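Visitor: Using only what follows, build the 3D model:
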Amino acid sequence: MKIITVFLVNLLIFMPTVSFAQSCNSIQSIDWLLGYWIADDGKSITIEHWEKVGLGSFKGYGESRDKFSNERKTGESLRLVEMANDVFYIAKPEQNDFPVAFKLTQCSRKTAVFENSTHDFPKKLEYQLGLNYKMMVTVSGEKGNSFEINFIKRDDD
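Guide: Numbers count the residues shown, from 1 in each chain. Next up, the predicted model:
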């Protein structure tokens, strides 16, 4: 009986770790990102939209507009792709001549962290899925240089 009790206790201790572990080499591990996300900080509206375009690829776009004049402030085309057993976030901001790739370095059922230590800014993009269709994105660089965007998922994809 003691052996069974010890076995069950160990199973309960280690089971959450095993069941929530995710492989970060598949785009399917972050399919919760799909959809239309909107953030309103009072001054501007920021959107991010992701859709699946193939087994190993999502495409998206992001833009920010002045809330009152609707003037476009920033825009970028986005891709998530599986390549050589890794997942990459590829951003092509309008002001850049070339796209920038960030490697998925951490993931779970509710988080995705993409990094590129050689890029000037940002160096890290952290996506955190919250409750009630909310998502926080932290964009960070060196020496504490960062900002957050708090999105809410819209129903009308």
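Visitor: What residues does Met135 make contact with?
Guide: 33, 37, 127-129, 150-153 (C-beta atoms under 8 Å, 6 or more residues apart in numbering). In this view, the C-beta of every residue, glycine as well, is placed from N, C-alpha and C.
Visitor: Quick check: the farthest pair among those?
Guide: Leu33 and Asn150 (15.1 Å; C-beta to C-beta).
Visitor: residue ranges of the helices in the chain, please?
Guide: For the chain, helices defined by DSSP state H occupy the ranges 2-20.
Visitor: Which secondary structure element of it has the lowest mean pLDDT?
Guide: Here the helix or strand of the chain ranked lowest by mean pLDDT, DSSP states H and E is helix 2-20, holding a mean of 40.
Visitor: Drop anything exposed from the contacts of Met135.
Guide: Neighbour counting over these (16 or more other C-beta atoms under 10 Å) leaves 33, 37, 127-129, 151, 153 as the buried ones.
Visitor: Pull up the gap between the spatially closest residue to Phe151 that is not a sequence neighbour and Gln106, please.
Guide: Excluding the flanking residues, the one nearest Phe151 by C-beta to C-beta, 6 or more residues apart in numbering is Trp37, at 3.8 Å. As judged by C-beta to C-beta, to the nearest Å, Trp37 and Gln106 stand 20 Å apart.
Visitor: where exactly do the strands run in the chain?
Guide: Assigned by DSSP state E, the strands in the chain fall at 35-40, 44-54, 57-66, 72-83, 86-93, 100-107, 111-115, 124-129, 134-140, 146-154.
Visitor: of the contacts of Met135, closest to His49?
Guide: His49 lies nearest to Trp37 out of the contacts of Met135, by C-beta to C-beta, at 7.1 Å.
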